[in-house]
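**Q** Please work out how this folds:
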Amino acid sequence: MAARIERLVTSGTFSLDGGTWDVDNNVWIVGDDTEAIVIDAAHDAEAIVRALGGRTLRAIVCTHAHNDHIDAAPELADRTGAPILLHADDLPLWKQTHPERSPDGELADGQALSVAGTELTVLHTPGHAPGAVCLYAPGLDTLFSGDTLFAGGPGATGRSFSHFPTIIDSIRDRLLSLPAATVVRTGHGDPTTIGAEAPHLDEWIARGH
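**A** All right, here's what the predicted structure looks like:
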């Protein structure tokens, strides 16, 4: 059976630089009836376990280490035995949330992750966070963009560890060159496509969004 994509929306809070905000997060599950990976274990390990439905969890992939994307990762790892994977440049952010628990492995640019006959390639896309990554699955015509690219523009860069020119470079150089029909499945909110976002790059730069 071919791999499929499922979206689970979980709710909690995002905290950084002394502020806290209520957020809804997309948890993406990629797999088939026997195995899966989870992209961004946000807020509710029990809900993620229920969504997995007994499938073998091969990995918990973190697109970046803001707390709302990783807060449920250790519990999910404990309950499933799956390794937590994170880009090393986001370890300082990770340690703010989980000082006593390190990830189990590192994500690197160009690394390939395989599940249910589908390959996902890690793209290092810093800017929203130093170790932010996207996952490109050409066989599914999909990019899992974390908080790097949303419908309507780049992820936020107004807080610690983020940098607007860097996220623009990441989006221009690593994402907008993908096929226009590629579906962008984001860390929050509704999906978009590369083709829908690419024409607006100069607008984003002009407004410094």
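
**Q** which residues sit in contact with residue 115?
**A** 3, 30, 31, 35, 36, 37, 58, 59 (CB atoms under 8 Å, 6 or more residues apart in numbering). Placement of C-beta: from N, CA and C, glycine included.

**Q** What residues are bridge-paired with the nearest residue to it once chain neighbours are set aside?
**A** With sequence-adjacent residues excluded and distances taken as CB to CB, 6 or more residues apart in numbering, residue 115 is closest to residue 37, at 4.8 Å. Beta bridges link residue 37 to residue 30, residue 59, judged by DSSP bridges.

**Q** Now do the contacts for residue 37.
**A** Taking CB under 8 Å, 6+ apart, one finds 29, 30, 31, 57, 58, 59, 60, 61, 113, 115, 120 in contact with residue 37.

**Q** Redo these as JSON lines? Include pLDDT.
**A** As requested, the contacts of residue 37 are arranged in JSON lines below (pLDDT from 0 to 100):
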{"residue": "29", "pLDDT": "98"}
{"residue": "30", "pLDDT": "98"}
{"residue": "31", "pLDDT": "98"}
{"residue": "57", "pLDDT": "98"}
{"residue": "58", "pLDDT": "98"}
{"residue": "59", "pLDDT": "98"}
{"residue": "60", "pLDDT": "98"}
{"residue": "61", "pLDDT": "98"}
{"residue": "113", "pLDDT": "98"}
{"residue": "115", "pLDDT": "98"}
{"residue": "120", "pLDDT": "98"}
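
**Q** mind listing what's buried in the worst-scoring helix or strand of the chain on mean pLDDT?
**A** Lowest mean confidence among the helices and strands of the chain (mean pLDDT, DSSP states H and E): helix 201-207, at a mean of 94. By neighbour count with 16 or more other CB atoms under 10 Å, helix 201-207 contains the buried residues residue 204.

**Q** helices and strands around that helix, which ones?
**A** helix 164-170 (3 or more CB pairs under 8 Å, 6 or more residues apart in numbering; DSSP states H and E).

**Q** Tell me which other helices or strands the helix it packs on touches.
**A** So helix 164-170, by 3+ CB pairs under 8 Å, 6+ apart, packs with strand 153-154, helix 201-207.

**Q** Of the contacts of residue 115, which count as buried by neighbour count?
**A** Looking at the contacts of residue 115 with 16+ other CB under 10 Å, the buried ones turn out to be 3, 30, 31, 35, 36, 37, 58, 59.

**Q** Make a markdown table out of those residues and add distance to residue 176.
**A** Output for the buried ones among the contacts of residue 115, formatted as a markdown table (distance: CB to CB, whole Å):
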| residue | distance to residue 176 |
| --- | --- |
| 3 | 25 |
| 30 | 23 |
| 31 | 28 |
| 35 | 32 |
| 36 | 29 |
| 37 | 25 |
| 58 | 30 |
| 59 | 27 |
